[in-house]
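In: next input, structure requested:
(2 chains)
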Amino acid sequence: RKEVEQDPGPFNVPEGATVAFNCTYSNSASQSFFWYRQDCRKEPKLLMSVYSSGNEDGRFTAQLNRASQYISLLIRDSKLSDSATYLCVVIKGGSYIPTFGRGTSLIVHP
Amino acid sequence: NAGVTQTPKFRILKIGQSMTLQCAQDMNHNYMYWYRQDPGMGLKLIYYSVGAGITDKGEVPNGYNVSRSTTEDFPLRLELAAPSQTSVYFCASSSQGDTEAFFGQGTRLTVV
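Out: Reported below is the predicted structural model:
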């Protein structure tokens, strides 16, 4: 089983839609969690950290479920500019090594 | 702040040639990483460093070498390039190791 798994998609949604991505991780010692965004032919950039109690940043909501070992990202009111690949990142406690999922592709169409 | 700077942005190598990918950061970060990303795939860790003078192998280190003589610089050396090393290479740095990682713009390498 891969350390971090994501559905590669693509998720093809109309503008204004709500879309959710999940990411599962295999190591129960994982302690830090993030969502990164990567535009085509660009470097990954941090979208948001994921906290145990869940957190929101505008239209984006991230949640962590430690018992089931997954994190989620919810995007409300999708914009054309949200089209990108969303990478799930997990760091095992004490390792200081970000481990990346393969990413989920989102395409928002008019 | 320049952040993380990678050079070159593009390079074509012939099989068997060698080259060094440069990476420099100006944020005084201790943690630095080299990843490669193949089409449609996630980032795979090649090497990492937790501070000057300390480096360690990641998931896919074969065919590569690194050094970390200063906090700022973390060059990646490719010896005897092979077609399997055709990829996009990203350098990243992090202040605490478990906080946000900042990436360079990447180096697109083709080995022919």
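In: list the contacts for residue B:2?
Out: residue B:26 (C-beta atoms under 8 Å, 6 or more residues apart in numbering or on different chains). C-beta: built from backbone N, CA, C; applies to glycine.
In: can you classify whichever residue of chain B sits closest to chain A by secondary structure?
Out: For chain B, the residue closest to chain A is residue B:97, as judged by C-beta to the nearest C-beta, at 2.9 Å. Under DSSP: H, G, I helix; E, B strand; the rest coil, residue B:97 falls in the coil class.
In: can you give me the pLDDT of it?
Out: On the pLDDT scale, residue B:97 is placed at 81.
In: equivalent analysis for the one 4 residues further on, please.
Out: With respect to pLDDT, residue B:101 scores 95.
In: that one against residue B:91, yeah?
Out: No: contact criterion C-beta atoms under 8 Å: residue B:101 and residue B:91 do not qualify, at 10.1 Å.
In: name the residues contacting each of those two.
Out: With C-beta under 8 Å, 6+ apart, residue B:101 and residue B:91 have common neighbours residue B:33.
In: so is stretch A:27-40 next to chain B?
Out: Yes: counting by C-beta under 8 Å from any C-beta of the partner chain, chain B has neighbours in stretch A:27-40: A:31, A:32, A:34.
In: check contacts around the second one.
Out: Meaning residue A:32. A:49, A:90, A:91, A:93, B:98, B:99.
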